[in-house]
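S.K.: What follows is a predicted protein model with its sequence.
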Amino acid sequence: MWQDSVIAACQVGAIASLQPILWGNDKPPRTTSFTNFVLASIVSVSLSTLHLWFSTITAALIGISWLIIGLQKQKQVKQKTPERE
């Protein structure tokens, strides 16, 4: 289906736009990252039910990217918070 190619191409653009966040030091709030992870995962599952396989994979990659960003932010927060003894 041509729609699969178009959606996947747009999502590849979204993945590319996340690269500066993935590799940079400035991270969005964890709630933003984890919410986007959940939403992209829902989209990925929905696309799979339509048998749009390339779009399913790229949506999953977007979700994974947001999950990584959220985990990176969580690590930053833990490093800034002094541990209690």
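M.R.: In hand now; what should we look at? Numbering: from 1, shown residues only.
S.K.: Quick test: name the residue nearest the centre of this structure.
M.R.: Closest to where the C-alpha atoms of the chain average out (Cα atoms, centre = their mean) is W66, at 2.7 Å.
S.K.: Which strands and helices lie in contact with the helix or strand harbouring that one?
M.R.: Assigned by DSSP states H and E, W66 belongs to helix 53-80. Judged by 3 or more Cβ pairs under 8 Å, 6 or more residues apart in numbering; DSSP states H and E, the packing partners of helix 53-80 are helix 2-23, helix 30-49. Quick note: C-beta positions are derived from backbone N, CA and C, even for glycine.
S.K.: can you list those in a markdown table and add mean pLDDT and distance to P82?
M.R.: Shown next, in a markdown table, are the helices and strands packed on helix 53-80 (pLDDT from 0 to 100; distance: least, Cβ to Cβ, whole Å):
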| stretch | mean pLDDT | distance to P82 |
| --- | --- | --- |
| helix 2-23 | 97 | 26 |
| helix 30-49 | 97 | 19 |
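S.K.: Would you mind confirming that the residue nearest to the centre of the chain is in contact with T31?
M.R.: No. Counting by Cβ atoms under 8 Å, W66 does not reach T31; the two are 11.4 Å apart.
S.K.: So what does L50 look like in phi/psi?
M.R.: Main-chain torsions, L50, degrees, to the nearest 10: phi -90, psi 0.
S.K.: Would you mind measuring from it to V43?
M.R.: As judged by Cβ to Cβ, to the nearest Å, L50 and V43 stand 11 Å apart.
S.K.: Report the buried residues of stretch 64-72.
M.R.: Buried residues in stretch 64-72, counted by 16 or more other Cβ atoms under 10 Å: S65, W66, L67, I69, G70, Q72.
S.K.: actually stretch 21-41, not the one I typed
M.R.: Applying 16+ other Cβ under 10 Å to stretch 21-41 flags I21, K27, R30, S33, F34, N36, F37, A40, S41 as buried.
S.K.: can you tell me which of the residues you listed lies nearest to I7?
M.R.: Lowest distance from I7 to the buried residues of stretch 21-41 (Cβ to Cβ) belongs to A40, with 12.7 Å.
S.K.: how about that closest one, what does it touch?
M.R.: A59, A60, I62, G63, W66 (Cβ atoms under 8 Å, 6 or more residues apart in numbering).
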